[in-house]
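> quick one: sequence and predicted model below, then my questions.
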Amino acid sequence: MPNAVDQLFAVQSEISKAEAEANRSKGSVTLVAVSKTFDADAIRPVIAAGQRVFGENRVQEAQGKWPALRADFPDIELHLIGPLQSNKAEDAVALFDVIETIDREKIAATLSTEMRKQNRFPKLFVQVNTGSEPQKAGIEPKEAVAFVKRCRDVHGLVIEGLMCIPPADENPGPHFALLRKIAGAAGVEKLSMGMSGDYQIAIGFGATSVRVGSAIFGAR
């Protein structure tokens, strides 16, 4: 079985190499270790090795393991990287430090209400469906700039970045380039793009964070 800590270090090394090749400063890309489907015992060695930023797809699954882990490691930063249903918004605001998957008016409004109610303000990203895939979450690219503006002006949300998941069977480069272009037009600085199979490419296109799971923890 591959060792998650060894693989963490290998991914960190690849990120540093990709930063250098893209003429970017070392440490400019944040590694989000995607721990979905892995239990606390599998995650603890990776935390002990120094990793502090993690991503989860489901609110309920994250609730089952992260409160206890955070009791031991209070400096964890937890990202929600899966679709958010409005009935889970209260729990998501309470648990996550970053919510990367705002993609529709209803969820923007619900998050705005919950954040004010709890006086807790996670960092927020808008998910863009760069491939216009009907089965995938995310706002359509042509609607993304206006949607970011509505999030700010109508719902009072601070949108820090954009996130995308390119189609699995396509070259990811054009999708990363599109997300970067939309971010420029929308006036946001952070780009969450790139996963285990393409994070080095994403760094070349300006990713500020990459979401890497199987390359660290192994196959699910």
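That came in fine, so what should we check first?
> the helices in this structure, which residues?
Taking DSSP state H, the helices of the chain run over residues 4-21, 40-48, 59-72, 89-95, 105-118, 141-153, 172-186, 199-204, 214-217.
> export these to CSV and append columns for mean neighbour count and mean pLDDT.
Backbone N, C-alpha and C define where each C-beta goes, glycine included. Shown next, in CSV, are the helices of the chain (neighbours: other Cβ atoms under 10 Å; pLDDT from 0 to 100):
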stretch, mean neighbour count, mean pLDDT
helix 4-21, 16, 97
helix 40-48, 15, 96
helix 59-72, 14, 96
helix 89-95, 19, 98
helix 105-118, 17, 98
helix 141-153, 17, 98
helix 172-186, 18, 98
helix 199-204, 22, 98
helix 214-217, 20, 96
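> so which of the ones you listed is nearest residue 79?
helix 59-72 (9.8 Å; Cβ to Cβ).
> CA-only coordinates of that closest one, as PDB, when you get a sec.
Extracted C-alpha coordinates of helix 59-72, given in PDB (Å, rounded to 0.1, in the frame of the first residue of the first chain):
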ATOM      1  CA  VAL A  59     -21.100  18.200   4.900                       C
ATOM      2  CA  GLN A  60     -22.500  15.200   6.800                       C
ATOM      3  CA  GLU A  61     -19.300  13.100   6.300                       C
ATOM      4  CA  ALA A  62     -17.100  16.000   7.400                       C
ATOM      5  CA  GLN A  63     -19.200  16.400  10.500                       C
ATOM      6  CA  GLY A  64     -18.400  12.900  11.400                       C
ATOM      7  CA  LYS A  65     -14.700  13.200  11.600                       C
ATOM      8  CA  TRP A  66     -13.400  16.800  11.600                       C
ATOM      9  CA  PRO A  67     -14.600  18.100  15.000                       C
ATOM     10  CA  ALA A  68     -12.500  15.500  16.800                       C
ATOM     11  CA  LEU A  69      -9.500  16.100  14.600                       C
ATOM     12  CA  ARG A  70      -9.800  19.800  15.100                       C
ATOM     13  CA  ALA A  71      -9.800  19.300  18.900                       C
ATOM     14  CA  ASP A  72      -6.300  18.000  18.500                       C
END
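> contacts for stretch 144-162?
With Cβ atoms under 8 Å, 6 or more residues apart in numbering as the test, stretch 144-162 has contacts from 100, 102, 105, 108-109, 111-112, 115, 121, 123-128, 139, 179, 182-183, 185-192, 208-209.
> ditto for stretch 105-120
84, 86, 89-90, 92-94, 99, 102, 121-122, 124, 147, 150-151, 154-157.
> state the pLDDT value of residue 209.
Note on residue 209: pLDDT of 98.
> against residue 161, how distant is the nearest residue to it once chain neighbours are set aside?
Leaving aside its sequence neighbours, residue 209 sits nearest to residue 30 (Cβ to Cβ, 6 or more residues apart in numbering; 4.1 Å). From residue 30 across to residue 161, the span is 11 Å (Cβ to Cβ, to the nearest Å).
> try residue 206
Look at residue 206 and residue 161: by Cβ to Cβ, they are 11 Å apart.
> same thing with residue 133?
Distance from residue 133 to residue 161, by Cβ to Cβ: 21 Å.
> what of residue 215?
Taking Cβ to Cβ as the measure, residue 215 falls 22 Å from residue 161.
> do you know the pLDDT at residue 1?
49.
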